[in-house]
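Undergrad: could you look at this predicted model? Sequence included:
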Amino acid sequence: MMSVALSGCKKRTDVFMFDCVIHDQRIDAAVADADVTMLVQRAAGGFNPNYQTVGSTTTDANGRFYVEVDKDVFYSYRLEVTHGQYFNGTFDIDPDDVPISTAYAATFNLEPKAWVSVHLLNQFISQTVSFSINADSDNCSDCCDWATAFISGWPVDSTITCQLYGGQNVEVTGNYVDINGGVHLVSEQVFALAFDTTVVEVVY
């Protein structure tokens, strides 16, 4: 008679576990192949404002990632997430929210990159045109950051391109002054597709 002893895998208890998801709310899709870096502010020796890298991984096809951090006392956790088609994301996690014996689970949102190109064509020998791009940017430092653009003279056949969050409605508003001094409204609305360039035509 043969006796076989089976022993199961023992779960580690000396680590904090992070089982999270990176998601794109604008197109409602998981963000696969995103690079995730875990950083911490250690409490040992008093407050230290610097963050130390303690782990890194990549999201799977479902946008999921798993990271373990050796148990210690921390002031803060920070996730830095990068992906070529998305704006970088930085997310701080309060240590008080991290369970001791189970995994911390949360969903973090990345914003998809897109571009808008405003094609300006002065066909009527107008004097000037001014316009601004109105879109949700959430204080994005890499997004369309100029309030109003002014173009004067003739002829004009040029394109101005800037970056913004994809998957949203964008409004181009302003006015132009015709050859006789009359003022006319510029108002164009488009949908900026994620990962693509959307062209807005302004003929004046």
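TA: Sure, I can see it.
Undergrad: separation between residue 166 and residue 192?
TA: Residue 166 sits at a distance of 5 Å from residue 192 (criterion: Cβ to Cβ, to the nearest Å). No exception for glycine: its C-beta is placed from N, CA and C like everyone else's.
Undergrad: okay, the two: which has more neighbours?
TA: Just comparing residue 166 and residue 192: by other Cβ atoms under 10 Å the higher neighbour count belongs to residue 166, 26 against 23.
Undergrad: and the more buried one, what does it touch?
TA: 26, 27, 111, 112, 113, 114, 192, 193, 194, 195, 196 (Cβ atoms under 8 Å, 6 or more residues apart in numbering).
Undergrad: got a PyMOL select line for the buried ones in the residues you listed?
TA: The following PyMOL line selects those of these that are buried, judged by 16 or more other Cβ atoms under 10 Å:
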select buried, resi 26+111+112+113+114+192+194
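Undergrad: kindly reformat the contacts of residue 166 as JSON lines containing distance to residue 91.
TA: Written out in JSON lines, the entries for the contacts of residue 166 read as follows (distance: Cβ to Cβ, whole Å):
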{"residue": "26", "distance to residue 91": "17"}
{"residue": "27", "distance to residue 91": "20"}
{"residue": "111", "distance to residue 91": "13"}
{"residue": "112", "distance to residue 91": "17"}
{"residue": "113", "distance to residue 91": "18"}
{"residue": "114", "distance to residue 91": "22"}
{"residue": "192", "distance to residue 91": "24"}
{"residue": "193", "distance to residue 91": "26"}
{"residue": "194", "distance to residue 91": "20"}
{"residue": "195", "distance to residue 91": "22"}
{"residue": "196", "distance to residue 91": "26"}
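Undergrad: nearest to residue 84, of the contacts of residue 166?
TA: Minimum separation from residue 84 among the contacts of residue 166 (Cβ to Cβ) is found for residue 113, which lies at 8.4 Å.
Undergrad: ok, the closest one to residue 85 distance?
TA: Residue 113 sits 6 Å away from residue 85, taking Cβ to Cβ as the criterion.
Undergrad: shared neighbours of the two, which are they?
TA: Between them, residue 113 and residue 85 have 194, 195 as joint contacts when contacts are counted by Cβ under 8 Å, 6+ apart.
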